[in-house]
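Trainee: Any chance you could fold what I've pasted below:
(chains A, B, C and D)
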Protein chains: 2
Amino acid sequence: MAIRDVSLAFKALSDPTRRDILKKLRNRSMTPGELSTYFSISKPSLSHHLSLLKAANLITADKEGQKIYYSLNATVFYELLNNFLEGFK
Amino acid sequence: MAIRDVSLAFKALSDPTRRDILKKLRNRSMTPGELSTYFSISKPSLSHHLSLLKAANLITADKEGQKIYYSLNATVFYELLNNFLEGFK
DNA sequence: TATATATTTAGATAATTGTCTAACTATCTA
DNA sequence: TAGATAGTTAGACAATTATCTAAATATATA
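Mentor: Purely as a prediction, here's the structure:
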């Protein structure tokens, strides 16, 4: 998996709610329902944020029954920031 | 100098024109006039991008006569991305 | 002082964003 | 199969953004 769109990734990282979502997913996968208990926004808004993070390839989704487990895509995450730092050496 | 606002910094980095400006400033300082020769946007638009980069503390400005020399704030730049990576270890 | 140069500010406009409620789809279970 | 649960999609709305042209500010120079 690779970085698809740097602008998309930085834009995804520019929102504090989305950065908090990534931090929640740092240790383990979570469903939108579980994530929603940590945030004071509606589930559709959370869903929207998850779709942006997914579009930026910063998280992955695994469906199990009715549930969807979202996980941090650590590889792409490091790739994005490290590659960007490379460009500024 | 420190990171003031992570959202502001990532937002600044989410625009390709602004990333290109940072790359131009990687090696040396430049004035808006010189920078403008590399971009196909109006000078007011360029000025706007520079003000956002400055607000994000990613560049600094030094006035000399009528000219303003903009420089990459490498320290904050590395600080932002490295500290952010730290949070995701 | 008048004019030219460098850059920003003001104001307008179209596009994008984050949020909401309501409605929909998919899956599970009694 | 009916109802409950998990999550997304649709549509609306206010706020923000990137861009432009026109005007203003600041400095240098003839």
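Trainee: my guess is residue A:71 is in a helix, correct?
Mentor: No - assessed with DSSP: H, G, I helix; E, B strand; the rest coil, residue A:71 is strand; it does not lie in a helix.
Trainee: per-residue pLDDT, it?
Mentor: Looking at residue A:71, its pLDDT stands at 97.
Trainee: can you check the one 3 residues further on too?
Mentor: Confidence per residue is given as pLDDT, and for residue A:74 that number is 88.
Trainee: residues near it, how many?
Mentor: Applying other CB atoms under 10 Å in any protein chain shown, we find 15 residues neighbouring residue A:74. (Each C-beta comes from the backbone N, C-alpha and C, glycine too.)
Trainee: hang on, it packs against residue B:88?
Mentor: Yes - applying CB atoms under 8 Å, one finds residue A:74 in contact with residue B:88, separated by 7.3 Å.
Trainee: if I've got this straight, residue A:41 is in a helix?
Mentor: No - using three-state DSSP, the assignment for residue A:41 is coil, not a helix.
Trainee: give me the element the residue lying closest to it once chain neighbours are set aside is part of.
Mentor: The shortest distance from residue A:41 to any non-neighbouring residue, by CB to CB, 6 or more residues apart in numbering or on different chains, is to residue A:17 (6.7 Å). Element membership for residue A:17, per DSSP states H and E: helix A:16-24.
Trainee: Does DNA strand D have contacts with that helix?
Mentor: No - contact of helix A:16-24 with DNA strand D is not found when judged by CB under 7 Å from any atom of the strand; the minimum separation is 11.4 Å.
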